[in-house]
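Predicted model and sequence follow; I will ask about them next.
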Amino acid sequence: MSSVEGAAAIAAARARPGPLGRARRLIDAVRHPRTGPLIYLAALGPGLIAANAGNDAGGIATYSSVGASYGYNLLWMIVLITVSLALVQEMCARMGAVTGKGLSTLIRERFGIRWVAFAMLALLIANGGTAVSEFVGIGAALGLLGIPTLLGVPPMAALIWWLVARGSYRRVEVIFLLMTLAFFAYPLSAILAHPNWGDAARHTVIPSFQFQSAYIFAFVATVGTTVTPYMQVYLQSSVAEKRVAMRDYKFTRLDVYNGTFFGNLVSAFIIICTGATLYTHHIQVTLAADAARALAPLVGSYAKYVFAVGLFGASMLAAAVLPLATSYSLTEAFGLRHGVNTRVREAPAFWAIFTGLIVIGTVVGVVLPTTAVVQLLLVVQVVNGVLLPVLLVFIIKLINDPEVMGEYRNGPAHNILAWATVVAIGALSILMVLTTVLPAVGLNVNL
């Protein structure tokens, strides 16, 4: 049979209603979906992964501390944060789909090397410190499950590196999506805690505020740990590497919104769980592992293990996503080759940064005392607080640049909400710096 005859036979098989034709059509539909739920499944990933990576060890510690200190009183702000986070992440996803470039590349091309160098230095400091906390979280979760930190953390770090370095982008994305299943542990923990659901619902819809420095710090820390710079960087780079076409972008946008909703719903459940137990018994926590241990005598030992499973999954996901986001940022910023689909010899800088952050996070996370981890998290929050408003301004400028986005720029209503988010987060970031830095040098801020 000639090649022309073979091609004709394949085309006829696809057209026939027989078994071969139906099988071929199904394969084509899965590989290149155009409509229906399959195209949503093909787009699923970046939004869900980015939003849930924000619920890392530091995030869980923050939400647990908020619930233990203020009960359900801060649940209302989760609603506002959800709107802001969805807005910011959608803009980054749209830029990734339209331009096929990461955020660092666009900043360098439109604003110059000095601005991108400043942003990348701050991001490297913040992400390096946060990476340490993720491996501390892995060790704490393994410790709660009866596995010594020294024996458990290095193999988990090696597993993270292997899973990312030895797989294609799609395979890595599937692994990350599977890790998000661990977050279902927190709704379960909240149910086991038997909270007052009516009281929780009331605080979700009725705002309350206290003009006290401790309350403001908790308020700002909750915003800072939910809308973090590395999430936006990872999201845009992953959408760009996935090569999402604008004709299919509506499914990516739906993924972003669903991921934001699910990620912040998990945050709310952590606050509800600890608010129903630790707050009523006046138990304070500073680390996620503290919350898990404190739950055991109040709800039962099984609650500790459920909470530990969630902490382990959250820390593993963030310990992979955060070094990956940093590698994307730094290599994109200076025009170096990057991407999960590249080999080590093809993109040595990309893989060196990724590997280095994992090694540093593992070593420092294993040997660092608990008190030092808390101080490190405070420093990281300050750096994130300074970087986030600057990064948001870059995002809004780029999303409205006609040479970058063409017809896909923001509309007036979108811009009003975006700038309101920048102003609000900027003001909160200033408050966070004031309530963190000044007391550290002996100057108390009374608000």
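Yep, that arrived.

Would you mind listing where the stretch 101-250 of the chain has pLDDT under the threshold?
Scanning the stretch 101-250 of the chain with the threshold set as pLDDT under 70 gives 167-173, 177.

Asn258: neighbouring residues, count only.
As a burial measure, Asn258 scores 16 neighbours (other CB atoms under 10 Å). All C-beta atoms are positioned from the backbone trio N, CA, C, and that covers glycine.

If you count contacts, what does the strand or helix carrying it end up packed against?
Using DSSP states H and E, Asn258 sits within helix 249-274. Packing contacts for helix 249-274, counted by 3 or more CB pairs under 8 Å, 6 or more residues apart in numbering; DSSP states H and E, involve helix 37-43, helix 46-53, helix 57-70, helix 75-99, helix 185-192, helix 288-299.

Of all those helices, which one comes closest to Ala141?
For the helices and strands packed on helix 249-274, proximity to Ala141 was assessed by CB to CB; helix 288-299 is nearest, at 7.3 Å.

Let me see the mean pLDDT of the helix or strand just after that closest one.
Remark: after helix 288-299, the chain's next helix or strand is helix 301-333, criterion DSSP H and E. Summarised as a single mean, pLDDT over helix 301-333 is 82.

starting at the chain centroid, how far to the helix or strand that helix 301-333 is followed by?
Once the chain leaves helix 301-333, the next helix or strand it forms, by DSSP H and E, is helix 348-367. Chain-centre distance of helix 348-367: 19 Å, with CA atoms, centre = their mean, to the nearest Å.

What residues sit buried inside helix 348-367?
350-351, 353-355, 357-358, 361-362, 364-366 (16 or more other CB atoms under 10 Å).

Please apply the same query to stretch 204-224.
Buried-residue list, stretch 204-224, by 16+ other CB under 10 Å: 204, 213, 215-224.

quick one on the thing from earlier: roughly how far is the helix holding Asn258 from the heart of the chain?
On CA atoms, centre = their mean, the centre of helix 249-274 falls 10 Å from that of its chain.

and stretch 90-99, how far out from the chain's middle?
17 Å.

For it, give me every contacting residue.
The contact list for stretch 90-99, computed with CB atoms under 8 Å, 6 or more residues apart in numbering, reads 46-47, 101-103, 106, 232, 235-240, 244-246, 249, 252-253, 256-257, 395-396, 398-399, 404-406, 408, 410, 418.

Drop anything exposed from those residues.
46-47, 101-103, 106, 232, 235-240, 244, 249, 252-253, 256-257, 395-396, 398-399, 404-405, 410, 418.

Which two of the buried residues of stretch 204-224 have the greatest separation?
Across the buried residues of stretch 204-224 (CB to CB), the longest gap, 24.6 Å, separates Thr204 and Ser213.

Ser267 and Ala221, how far apart?
12 Å (CB to CB, to the nearest Å).

quick revisit: so can I have JSON lines of the helices and strands packed on helix 249-274 showing distance to Leu121?
Converted to JSON lines, those look like this (distance: least, CB to CB, whole Å):
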{"stretch": "helix 37-43", "distance to Leu121": "33"}
{"stretch": "helix 46-53", "distance to Leu121": "22"}
{"stretch": "helix 57-70", "distance to Leu121": "21"}
{"stretch": "helix 75-99", "distance to Leu121": "20"}
{"stretch": "helix 185-192", "distance to Leu121": "34"}
{"stretch": "helix 288-299", "distance to Leu121": "28"}
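
Which of those sits closest to Glu332?
Among these, helix 75-99 comes nearest to Glu332, with 11.3 Å by CB to CB.

Of the contacts of stretch 90-99, which belong to helices?
46-47, 103, 106, 232, 235-240, 249, 252-253, 256-257, 395-396, 398-399, 404-405, 418 (DSSP state H).

ok so, going back, wait, which of the helices and strands packed on helix 249-274 is closest to Ile430?
helix 75-99 (16.7 Å).

buried stuff in the closest one?
In helix 75-99, counting by 16+ other CB under 10 Å, buried: 75-78, 81-82, 84-99.

Asn196: neighbouring residues, count only.
As a burial measure, Asn196 scores 15 neighbours (other CB under 10 Å).

show me what contacts it?
Counting by CB under 8 Å, 6+ apart, Asn196 touches Ala276.

For Val79, see how far away it is.
From Asn196 to Val79 the distance is 19 Å (CB to CB).
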